[in-house]
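Colleague: Dropping a prediction and its sequence here:
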Amino acid sequence: MIVAGLVAWMFIALVVAFMARAAWNDLASGVQSTASTVSRVLAEYSDQMLISADLVRHQAGRIVGDAGPLVDDRSAYEELGKMIDISPDLVSVWIGDAEGQAVLTTREFPAPDLSGSERDYFLSIRDDPDQLYVGNLIDNRYPAEALLINTSRRLSDPNGDMRGF
């Protein structure tokens, strides 16, 4: 009788173990599927962010001109602001000169007296004309926003010298 009871308990334990194993495998499969979907979505969003960075550089270069001092008048400010109006992913656009000083921004007109000359987003593109900087803007001067992903591209003169960013 004791042996029969032990066999019954062992049988029940095996059934429960197989059921738990099947549930675990289902859970692992669901997690794998969700992780795969999330990674594809993030990869697509990253691609779009890089495309946006190039489009912003192109438009910013068109707005401030391709030679001479960077244009920083009211019409340039309004034209720059149109990018924010049509793109839900853009929070703000800043244009700075070759020394890192803010010249034009969608945040306010005229641009505040701010310098990015010591920040990675300036230093990396200053030292490499083809560099695309991508990073978190942790020390944000507009603290109402929790996290910004910052991209920075160089604006060059026709001769290749740095004109701004």
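Modeller: Received it, and whenever you're ready, just let me know what you need. Every value quoted in this text rests on a predicted model; they were computed, and no experiment measured them.

Colleague: Walking through this protein, point out its strands one by one.
Modeller: Per DSSP state E, the chain has strands spanning 94-96, 102-105, 132-136, 149-153, 155-156, 162-164. These are given in chain order.

Colleague: Go through the ones you listed and name the closest to Val3.
Modeller: Taking Cβ to Cβ, strand 132-136 is the member of those nearest to Val3, at 65.3 Å. Any C-beta I mention is one placed from the backbone N, CA and C, and that applies to glycine too.

Colleague: Quick check: neighbours of the closest one in the sheet, parallel or antiparallel?
Modeller: strand 149-153 (antiparallel) (DSSP bridges).

Colleague: State the mean pLDDT of the partner strand.
Modeller: For strand 149-153, the mean per-residue pLDDT is 85.

Colleague: picking up where we left off before, please identify the most buried of the strands of the chain.
Modeller: strand 94-96 (a mean of 23; mean count of other Cβ atoms under 10 Å).

Colleague: Pull the distance from that one to the chain's centre.
Modeller: 17 Å (Cα atoms, centre = their mean, to the nearest Å).

Colleague: can you list contacts of that strand?
Modeller: With contact meaning Cβ atoms under 8 Å, 6 or more residues apart in numbering, strand 94-96 is reached by 60, 63-64, 70, 80, 102-107, 111, 115-116, 122, 155, 164-165.

Colleague: Would you format the strands of the chain as JSON lines with distance to Pro88 included?
Modeller: JSON lines is the format used below for the strands of the chain (distance: least, Cβ to Cβ, whole Å):
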{"stretch": "strand 94-96", "distance to Pro88": "18"}
{"stretch": "strand 102-105", "distance to Pro88": "19"}
{"stretch": "strand 132-136", "distance to Pro88": "19"}
{"stretch": "strand 149-153", "distance to Pro88": "14"}
{"stretch": "strand 155-156", "distance to Pro88": "25"}
{"stretch": "strand 162-164", "distance to Pro88": "26"}
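
Colleague: between those strands, which one is nearest to Gln48?
Modeller: Among these, if distance is taken as Cβ to Cβ, the winner is strand 149-153, at 11.5 Å.

Colleague: what's in contact with that closest one?
Modeller: 49-50, 52-54, 56-57, 121-122, 124-125, 131-137, 165.
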